[in-house]
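Next comes the sequence, and after it the predicted model I'd like to discuss.
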Amino acid sequence: LAEGAMLLRGFAAERGAALLAAIEGIAVAAPFRRMITPGGFEMSVAMTNSGTAGWVTDRKGYRYARHDPDSGKPWPSLPAEFLELAEAAATEAGFPGFVPDACLVNRYEPGARLSLHQDRDEADYGHPIVSVSLGLPATFQFGGLKRSDPVKKVALRHGDVVVWGGAARLFHHGVLTLRDGEHPLTGHRRFNLTMRKAL
Ligand code: SIN
Ligand code: FE2
């Protein structure tokens, strides 16, 4: 996609069902919710987290929190299959030794979208981002350092993994409005796992 950014087609496809089962387990302990942006808008993507820290947003801002603000409890721990996949995908993309401590789990229903943004709430940009797509396909936008830089559009399908780090670590990215469809494992939904070293 760019120097430091790689699309690994189907890299997680054969682990899809196991990853979705793990997501179900996370959602029992920490249900999906639509968070509020600092500007006061409810996000169209529903989110939860697993790991030592979870990404949250509310009127006070974007940040990582060690506890689920809805329950006051720590986030569910990172499943072993998430850690293994993140390490393997990062290695394949040229970032060996990646050990995430946070996984944001995004759930898209038809009509949901994620506008162009940078992942910049992490403590150290020396670590890559590993992003795993499951269920319905979506159009991913990948731009540059500036929000106004030209964007590439790529279809992300079930099992695709995108890794970005190095020179691309702070590149803007987003997801266009999800179109309705039916996936054998997720029905009318798309899930995305975004693994980071947050703390
Ligand atoms: C994100 O940037 O957090 C999610 C990207 C995606 O859903 O593919
Ligand atoms: Fe992101």
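Received it, and whenever you're ready, just let me know what you need. Ligands and ions are numbered 1, 2, ... in the order given.

can you pull the contacts of the nearest residue to G51 once chain neighbours are set aside?
In space, not counting the residues next to it along the chain, G51 is nearest to A102; the distance is 4.0 Å by Cβ to Cβ, 6 or more residues apart in numbering. C-betas here are computed from N, CA, C, even on glycine. Contact analysis of A102 by Cβ atoms under 8 Å, 6 or more residues apart in numbering lists 49-55, 64, 78, 195-199.

Need the phi and psi values for A102.
Phi and psi for A102, reported as degrees, to the nearest 10, are phi -150, psi 140.

And the pLDDT for it?
Note on A102: pLDDT of 98.

now do the one 3 residues further on
As summarised for this prediction, V105 has a pLDDT of 98.

Spell out whether the helix or strand that contains it and ligand 1 are in contact.
Per DSSP states H and E: V105 is located in strand 102-108. Yes - remark: strand 102-108 sits within contact range of ligand 1 at 104, 106, by Cβ under 6 Å from any ligand atom.

Parallel or antiparallel, which strands does the helix or strand that that strand is followed by pair with?
For strand 102-108, the following helix or strand on the C-terminal side (DSSP H and E) is strand 114-117. If you go by DSSP bridges, strand 114-117 pairs up with strand 173-175 (antiparallel).

which helices and strands sit right next to the helix or strand following the partner strand?
For strand 173-175, the succeeding helix or strand toward the C-terminus, using DSSP H and E, is strand 190-196. Applying 3 or more Cβ pairs under 8 Å, 6 or more residues apart in numbering; DSSP states H and E, we find strand 190-196 packed against helix 16-29, helix 80-92, strand 102-108, strand 129-135.

Restricting to C-alpha, output the strand holding V105 in PDB.
Provided in PDB are the C-alpha atoms of strand 102-108 (Å, rounded to 0.1, in the frame of the first residue of the first chain):
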ATOM      1  CA  ALA A 102      -4.500  -3.800  23.100                       C
ATOM      2  CA  CYS A 103      -7.100  -4.900  20.600                       C
ATOM      3  CA  LEU A 104      -9.900  -2.600  19.500                       C
ATOM      4  CA  VAL A 105     -12.800  -4.700  18.200                       C
ATOM      5  CA  ASN A 106     -14.900  -2.800  15.700                       C
ATOM      6  CA  ARG A 107     -18.400  -4.000  14.600                       C
ATOM      7  CA  TYR A 108     -19.900  -2.500  11.400                       C
END
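
could you give the angle of that strand to helix 16-29?
100 degrees (axes from the mean of the first three to the mean of the last three Cα atoms, to 10 degrees).

Run the angle between strand 102-108 and strand 190-196 for me.
160 degrees.

buried sites along strand 102-108?
Residues 102-108 are the ones in strand 102-108 that count as buried (16 or more other Cβ atoms under 10 Å).

Same question for stretch 177-189.
Those would be 178, 183, 186, 189, for stretch 177-189 by 16+ other Cβ under 10 Å.

who in the chain is up against ligand 1?
104, 106, 114, 131, 133, 140, 156, 173, 175, 192, 194.
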